[in-house]
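Student: what shape does this take:
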Amino acid sequence: MNTSSFIHEILEEKKAQRILVLNMGSSALHEHIIICETSNLRHLFALRDDVLEALKIHKIEVHHTEGKKNSHWLLIDVYDVCCHIFLDEARDYYQLEALWADKVMR
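Tutor: The predicted structure follows:
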């Protein structure tokens with residue numbers, strides 16, 4: 001199983017909403033970008049923590065994370081995959097997936 005499928009599976013299991021995987025191709029900085037959302041801050045940070053814990057258990061190295069205590073948008077960079085976890089209103093505001101509408105996988 002590749003890293004993007006692994007992260008997607010964790011997000012589904014932990015009830016992230018509107019999960020979208022973008023295939024950026026091997027020439028891009030990230031081969032896949034994952035975008036998902038939730039409706040509250042507690043779940044937002046729980047999703048991030050669950051993904052990070054699963055990556056650690058499976059010895060998948062994390063390049064870096066972004067997002068502070070009250071952020072509405074968190075990022076997990078795993079070299080070939082970049083995962084964006086939003087609060088629903090932040091996702092609607094930034095419309096990140098509109099930048100790459102032609103790259104949608106699922």
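
Student: so residue 60, which of the three states?
Tutor: Residue 60 carries the three-state label coil when classified by DSSP: H, G, I helix; E, B strand; the rest coil.

Student: and it, how far from residue 89?
Tutor: According to C-beta to C-beta, to the nearest Å, residue 60 and residue 89 sit 30 Å apart. Just so you know, the C-beta spots here come from the backbone N, C-alpha and C atoms, and that holds for glycine as well.

Student: these two: which has the busier surroundings?
Tutor: residue 60 (16 against 11; other C-beta atoms under 10 Å).

Student: is it true that the more buried one touches residue 4?
Tutor: No - applying C-beta atoms under 8 Å, one finds residue 60 not in contact with residue 4, separated by 11.1 Å.

Student: residue contacts, residue 56?
Tutor: residue 62 (C-beta atoms under 8 Å, 6 or more residues apart in numbering).

Student: so it is in which element?
Tutor: Taking DSSP states H and E as the definition, residue 56 sits inside helix 41-57.

Student: buried residues, that helix. List them.
Tutor: Along helix 41-57, these residues count as buried under the neighbour rule (16 or more other C-beta atoms under 10 Å): 43-48, 51-52, 54-55.

Student: could you give the separation of it from the chain centroid?
Tutor: Distance of helix 41-57 from the chain centroid (C-alpha atoms, centre = their mean, to the nearest Å) equals 10 Å.
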